[in-house]
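Participant: show me the folded form of this:
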Amino acid sequence: MSRKPVLVLLCVTVLAPIVLYTDRLSSFSNSISINDFVEEGANLNLSNEGEKLHALPQESSDALKEPIGVVYFDNSSNSDQISALNGRELSPGRSGEHKSRVLSAADEGDRTENGSVIAQVTSKDSVKDDGLQKSKREPDFPEKKGIKTEKQSEQTPPKTESRKQLPGRESRNAKPADKQSSATANRQSSNTPFPDARVRQLRDQLIRAKVYLGLGSTKTNPHFIKELRVRIREVQRALGDATKDSDLPKSVNEKMKAMEQLLAKGKQIQDDCSAVIKKLRAMLHSTEEQLRVHKKQTLFLTQLAAKTLPKGLHCLPLRLSTEYYSLSPSQQQFPNQEKLEDPKLYHYALFSDNILAAAVVVNSTVIHAKNAANHVFHIVTDRLNYAAMRMWFIANPPGKATIQVQNIEEFTWLNASYSPVLKQLGSQSMIDYYFRAHRASSDANLKYRNPKYLSILNHLRFYLPEIFPKLDKVVFLDDDIVVKKDLTGLWSINLKGKVNGAVETCGENFHRFDRYLNFSNPLIAKNFDPHACGWAYGMNVFDLSEWRKQKITEIYHSWQKLNHDRTLWKLGTLPPGLITFWNRTFALDRSWHVLGLGYNPNVSQKDIERAAVIHYNGNMKPWLEIGIPKFRNNWSRFVDYDQVYLRDCNLNP
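Facilitator: This next block holds a predicted model:
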């Protein structure tokens, strides 16, 4: 009897409230639909909020952290609008705070046309923010660039997202961690704020992956390490030698996503920032050391290639010399030798032991000359190449121009007692400098150890009045130049009492006096300005009459004697030229002479086209394999590669 009242009281006090509460809850949830929320968000009166939003320009979607929680969806007609919010869930504790913002963001695409205040503020923030933040709000960049992401190809975008797709869109069944990592990978791979951003991203991923490979915490996870090695190989194969995004394969986005997801796992495994920093510092130090070694090797190999004579250019003088000595004495002579001392003609001085280079200088000058018969070329070479040089121009006469080829051995006046530089070149100290291996490390700059400085041909430019005693003016040409216009106008330039007419090289700091001369020496510091403009050897007009009046050769000799121990300047001809012709150089227009084609790939094509002479100064000569390819055609077009001697020596363009 006592159990029945207890059971009745239990039903009244426990079960009845549960049934009653459940019934009211169901009626409450059915009375509120998603349409009400969307309608409420769409009908918000924002007229009074405009000033607040403009006063707080940082209040944007980027300022909100990723909410944590769950957003529930039903099968109502507006589910497509809400599905765009997948990945931006609301936490229960902050649902009231974020409700209007999230719903307005879902409907932002439709309200942008009406000039919504929120849309205006968001657009202003997108202009101010960097590329990464902008990509979070505007993931429609791939469509603008013609790139279709994997997600867009797998599913049809909702109607609301036709104009603006929200970030973080993934399938509803995806896990939150996977959704977040794949969304990050998609933003990084498809939104490219910088040119070739995907190539850079792939390289960054490889660096991060190598960091994880070397960390102790990840090494204890063999499954992760194995998968990481696989991903590294995939990314390396996809990247290959690509330098721009267009070189990458179509499957690169998938590999980037997979690698990004795996790196996210590695980040969860390794939470010690100090260990990562130490690893990155070690990698940076190792890379810098490798870079230093490679730079040193590159410099050495470049200097070696510049000094080495290619096999074809070694064959050519041998082949020509053999042919020359088979000629009769009458066949070995050049025509028009009576023009060699006529001061009314246009005379060029060329000192070279490179037959092919000398041929290009002569051919390019004659082709562009208005009256080739008035041009005379005086070529001086060494004893080894004398016969070959003569044979080349006998077999390939330069039209109506006059040619003279001389042997430097014929200049009996040029001896050690007359020339200080010739005496120095034969000194024991100079021999030790070049041929003693244990002293090779004494000079860090390898270019000053080039054996060309041992050749007296390099110093003949200081003896022009002695070589041409009956001429009043001569144009000096280096053998690594190409003439592109008629040079007749050089003889009509008034040098205004100066001896040397040259193009100044003031555009770059390394062409100032202090880069060639030792201003720590008081003799140099007292006589010259360290910031004075240098000038270019290679195409120079020399007034030989003024040269003789001002006794330029004697000035040159006096400075060479002072530099017997190479303390005033290093080897070469430009430093003593700067000293000898100090305050005696007339600046020519820059269009006469354009330099840098032997070391600077950025020489302007416009400057090359308007130049009278282009100069391949530097190590990358056009007849060498290390020559800059885009400049080589300007030189090779003046070489007849069908010529029999070039074919015999297998010389090709």
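Participant: distance between the ends of stretch 373-386?
Facilitator: 24 Å (Cα to Cα, to the nearest Å).
Participant: likewise stretch 242-255?
Facilitator: OK, stretch 242-255 end separation, Cα to Cα: 15 Å.
Participant: start the count at 29, not 1, going forward
Facilitator: Sure, I'll start counting at 29 from here, so that last one is stretch 270-283.
Participant: state the mean pLDDT of that stretch.
Facilitator: For stretch 270-283, the mean pLDDT works out to 84.
Participant: likewise stretch 506-521?
Facilitator: The model assigns stretch 506-521 a mean pLDDT of 95.
Participant: on contacts alone, who are the packing partners of the longest helix that the chain contains?
Facilitator: Determined from DSSP state H, the single longest helix within the chain is helix 301-335. Under the contact definition 3 or more Cβ pairs under 8 Å, 6 or more residues apart in numbering; DSSP states H and E, helix 301-335 sits against helix 225-241. C-beta: built from backbone N, CA, C; applies to glycine.
Participant: which residues are contacting the helix it packs on?
Facilitator: Identification of contacts with helix 225-241 by Cβ atoms under 8 Å, 6 or more residues apart in numbering yields 216-217, 219-220, 222, 246-247, 252-253, 256-257, 259-260, 263-264, 266-267, 270-273, 275-276, 280, 284, 287-288, 290-291, 294, 298, 304, 307-308, 311.
Participant: now, of those residues, which are buried?
Facilitator: 216-217, 219-220, 246, 252, 256, 259-260, 263, 266-267, 270, 273, 276, 280, 284, 287-288, 290-291, 294, 298, 304, 307 (16 or more other Cβ atoms under 10 Å).
Participant: so which of the contacts of helix 225-241 are in helices?
Facilitator: Using DSSP H, these in helices are 216-217, 246-247, 252-253, 256-257, 259-260, 263-264, 266-267, 280, 284, 287-288, 290-291, 294, 304, 307-308, 311.
Participant: and Leu327, how many neighbours?
Facilitator: 15 (other Cβ atoms under 10 Å).
Participant: what does Lys589 give?
Facilitator: Lys589: 12 neighbours (other Cβ under 10 Å).
Participant: pull the CA atoms of the host helix or strand of it into PDB?
Facilitator: Using DSSP states H and E, Lys589 sits within helix 580-590. The C-alpha trace of helix 580-590 is given here as PDB (Å, rounded to 0.1, in the frame of the first residue of the first chain):
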ATOM      1  CA  ILE A 580     103.000  62.400 -71.900                       C
ATOM      2  CA  THR A 581     105.300  59.400 -72.300                       C
ATOM      3  CA  GLU A 582     107.800  60.800 -69.900                       C
ATOM      4  CA  ILE A 583     105.000  61.400 -67.400                       C
ATOM      5  CA  TYR A 584     104.000  57.700 -67.800                       C
ATOM      6  CA  HIS A 585     107.600  56.500 -67.300                       C
ATOM      7  CA  SER A 586     108.000  58.600 -64.100                       C
ATOM      8  CA  TRP A 587     104.900  57.100 -62.500                       C
ATOM      9  CA  GLN A 588     105.800  53.600 -63.500                       C
ATOM     10  CA  LYS A 589     109.200  54.000 -61.800                       C
ATOM     11  CA  LEU A 590     107.400  55.100 -58.600                       C
END
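Participant: buried set for that helix?
Facilitator: So helix 580-590, judged by 16+ other Cβ under 10 Å, has buried residues Ile580, Thr581, Ile583, Tyr584, His585, Trp587, Gln588.
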